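1. coords below, sequence missing:
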Ligand SMILES: O=P(O)(O)OC[C@H]1O[C@](O)(CO)[C@@H](O)[C@@H]1O
């Protein structure tokens, strides 16, 4: 982990913020110090987050208190990953400047996926016109699930030349989706959304900006168009983290960018959803912290409990849903996630070695097909639902 952060993520941070670093030596030396720590992760004790004006400082003191003497390797992986990104924004003084060191990558992710996005939105429009809510939701849920395989932490943004490959890859991914599903509660999700008191509010705990975010917007669009929700609330990171994770401004930038690049749905519908509040964007620093989801500030619990269904996107959010624990893989999802304050659906491609709710036969199949890395490449996915009240 520390090597990937140092040799990949940190290298890109230097390169993509070169202009700023040239006249801000304090930021450069902060990055240099972090790089030094990561060269000797087994002996570098994790320094506390300093007062950088962040409203989350006391929370981070609490998070890091048990690890005051820990180094990069002996503190839990999830904690050090979130901590790394919190250190980065401390170095860049995000809370004083609003400077997003990952802006460039997020932008490349969006631009590099423009052709693919147009193709996908056009397909979604055809599906909507056909008028069948089940087909429309199916298309949108699986686009949103497999959109998570495109995240920038695994797929560095590339030039336009690679866009065709991405389009092809994504087409293949969608096609292969049913084969690569290790748990599929789609029909229960649909029944729930169509159930008593249909419509109302549906939430999405968002993961990455770029192409994945576009697929989440498609999901939110489908929910409204087919009257499966009357409002969609997006939960976004309060500050830059995990490279490409989406913040409120990334959603607005994305809709604006697509609207000005002839994506008609973005121009005609998505912009007005944002204006009317049918799409409601809510940012909280909690989403950028390593707590298991059963440890929540009261206001987050209160907020989520208003929802008819919360979609939880991506691998890092899924790890938090499971408390990053090593559950037996066949443990029913309901047994793990029944603490959630509302009905919940996880849309996750597997990128970390943990999981639940997967039948033994499916796990065996995946192990046979990709013995070395079936859990970490995003090849396999799950759609898992539970309603704690049922
Ligand atoms: O964007 P996602 O789906 O949350 O994936 C991020 C994942 O990448 C990693 O940082 C490395 O694989 C995992 O720790 C994390 O779960």
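-> Good, I have the coordinates. All values reported here derive from a predicted model rather than from experimental measurement. Numbering: from 1, shown residues only.

2. what comes into contact with stretch 85-92?
-> Stretch 85-92 is touched from outside by 13, 17, 27, 30-31, 34, 49-50, 52, 54, 56, 60, 95, 99, 101, 239-243, 288, with contacts defined as CB atoms under 8 Å, 6 or more residues apart in numbering. (Glycine included, C-beta is placed from N, CA and C.)

3. report the buried members of the residues you listed.
-> 13, 17, 27, 30-31, 34, 49, 52, 54, 56, 60, 95, 99, 101, 239-243, 288 (16 or more other CB atoms under 10 Å).

4. still on that earlier bit, quick one: which of the contacts of stretch 85-92 sit in helices?
-> Among the contacts of stretch 85-92, the members found in helices (DSSP state H) are 13, 27, 30-31, 34, 60, 95.

5. ok, of those residues, which one's closest to the ligand?
-> residue 13 (15.0 Å; CB to the nearest ligand atom).

6. can you pull the contacts of the closest one?
-> Here residue 13 is in contact with 31, 88, 101-102 (criterion: CB under 8 Å, 6+ apart).

7. dump those residues to JSON lines, plus pLDDT and distance to residue 247.
-> Output for these, formatted as JSON lines (pLDDT from 0 to 100; distance: CB to CB, whole Å):
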{"residue": "31", "pLDDT": "97", "distance to residue 247": "21"}
{"residue": "88", "pLDDT": "98", "distance to residue 247": "14"}
{"residue": "101", "pLDDT": "98", "distance to residue 247": "12"}
{"residue": "102", "pLDDT": "97", "distance to residue 247": "10"}
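
8. so, low pLDDT: which residues of the stretch 151-300 of the chain?
-> Low-confidence segments of the stretch 151-300 of the chain (pLDDT under 70): 151-176, 197.

9. element containing residue 319, please.
-> Per DSSP states H and E: residue 319 is located in helix 315-321.

10. give me the contact status of that helix with the ligand.
-> Yes. Contact of helix 315-321 with the ligand (CB under 6 Å from any ligand atom) involves 315-316, 319.

11. ok, and what's touching stretch 24-32?
-> With CB under 8 Å, 6+ apart as the criterion, stretch 24-32 contacts 10, 13-14, 17, 20-21, 90-93.

12. list the contacts for the residue positioned nearest the centre of the chain?
-> Residue closest to the average C-alpha location in the chain (CA atoms, centre = their mean): residue 207, at 1.4 Å. Contacts for residue 207 (CB under 8 Å, 6+ apart) come out as 148, 151, 216, 245-246, 313-317.
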